[in-house]
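A.B. asks: Sequence and predicted structure are below.
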Amino acid sequence: MTIAQTTPMRPAGTNTRPTFVLPPGSCDTHFHVFEAGYPHVDEPQYTFPDGTLDQYLAVTRFLGVERMVLVQPTFYGNDNSLTLDVLRKLGGRCRAVVRIEEDLPDAELDRFHELGVRAIRLDLFARADWPVADLTGYVERMAERALPRGWHLQFYTPGAVLERLLDFLPRLRVPYVVDHIGYGLDTAKLVGLLAEGNCWIKLSGAYRLAKNLPLSTVEPLVAALVQARPDRLVWGSDWPHLPDGRRDTGELLNLLPRWAPADLRRILVDSPAELFFS
């Protein structure tokens, strides 16, 4: 089913201002852009949204974000043309996460690396009905593509699928990042993943978990993660906040001082640098 986005993007200057001074080099590790003229999948999950690169950069200037990581959205499938063009425009301050076919030639992956790609996004929502053996085989094959380049895997995955992989994930030889605070995985199980192996958690999409409840309902989960491994957490805006482009990105950023007041530099600067810029 296609989800329509009908509201225009919130102007950058109408976001809430940060309640704290962002440390130099602060990074948003999860944003998307949408530009006309690039091929998209035949049956996208949503209509072409408002969310251009210029609009996003205006938000980063307003908030004080200096670095960023562009994540290939489902709208463009495995065609990374726009993502690579953004990397060319932004240079060394931007990195990217791509979606790829399993048989993409190594030479293409090497070209991606030179442009600033550092991870492969795995859409396990689209593979949620696969048997565990098929899922683990797919993840292992993608890990083999990532390993020689020092890349990691990024899981766009419902919590129920993560739960089916709990015995497998700690054995992964490459780092892996779980989007959107685990996307519904039980707190104790998510903390268990974070405590062993190569797991990282992205503090993004809190509204995806809260749904119609206040964002504060996510705090107990994040507090458990911060207590367990603050050095394995990164922050992402999830801009442009599909399907509601009117969401306040500054409000989302201001959750961080409440969640992890002693670890702001680590989450915003040091950990993104390790994952994406080293």
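C.D. replies: Noted; the coordinates are in hand.
A.B. asks: Which positions within the longest helix along the chain qualify as buried?
C.D. replies: Identified as the longest helix of the chain according to DSSP state H is helix 132-146. Neighbour-count burial for helix 132-146 flags 135-136, 139, 142-143, 145-146 (criterion: 16 or more other CB atoms under 10 Å). For every residue, glycine as well, the C-beta is placed using N, CA and C.
A.B. asks: Starting from that helix, tell me the next helix or strand along the chain.
C.D. replies: Reading on from helix 132-146 to the C-terminus, the next helix or strand found by DSSP states H and E is strand 152-156.
A.B. asks: can you map out the helices along this structure?
C.D. replies: 53-63, 81-90, 106-115, 132-146, 159-164, 187-194, 206-210, 219-228, 249-253, 256-259, 264-265, 271-272.
A.B. asks: can I get those helices in TSV with mean pLDDT and distance to residue 177?
C.D. replies: Converted to TSV, the helices of the chain look like this (pLDDT from 0 to 100; distance: least, CB to CB, whole Å):
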stretch	mean pLDDT	distance to residue 177
helix 53-63	98	20
helix 81-90	98	17
helix 106-115	98	17
helix 132-146	98	11
helix 159-164	95	12
helix 187-194	96	11
helix 206-210	94	16
helix 219-228	97	13
helix 249-253	97	18
helix 256-259	97	17
helix 264-265	98	19
helix 271-272	98	10
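A.B. asks: Redo these as a markdown table? Include distance to residue 100.
C.D. replies: Below are the helices of the chain laid out as a markdown table (distance: least, CB to CB, whole Å):
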| stretch | distance to residue 100 |
| --- | --- |
| helix 53-63 | 22 |
| helix 81-90 | 11 |
| helix 106-115 | 7 |
| helix 132-146 | 7 |
| helix 159-164 | 20 |
| helix 187-194 | 24 |
| helix 206-210 | 24 |
| helix 219-228 | 29 |
| helix 249-253 | 28 |
| helix 256-259 | 31 |
| helix 264-265 | 33 |
| helix 271-272 | 22 |
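A.B. asks: what residue is smack in the middle of this structure?
C.D. replies: residue 30 (3.9 Å; CA atoms, centre = their mean).
A.B. asks: distance of the nearest residue to that one once chain neighbours are set aside from residue 205?
C.D. replies: Distances taken as CB to CB, 6 or more residues apart in numbering place residue 236 nearest to residue 30, at 2.6 Å, with adjacent residues excluded. From residue 236 over to residue 205 the distance is 8 Å, taken as CB to CB, to the nearest Å.
A.B. asks: and for the two, which residues touch both?
C.D. replies: Counting by CB atoms under 8 Å, 6 or more residues apart in numbering, the common neighbours of residue 236 and residue 205 are 30, 179.
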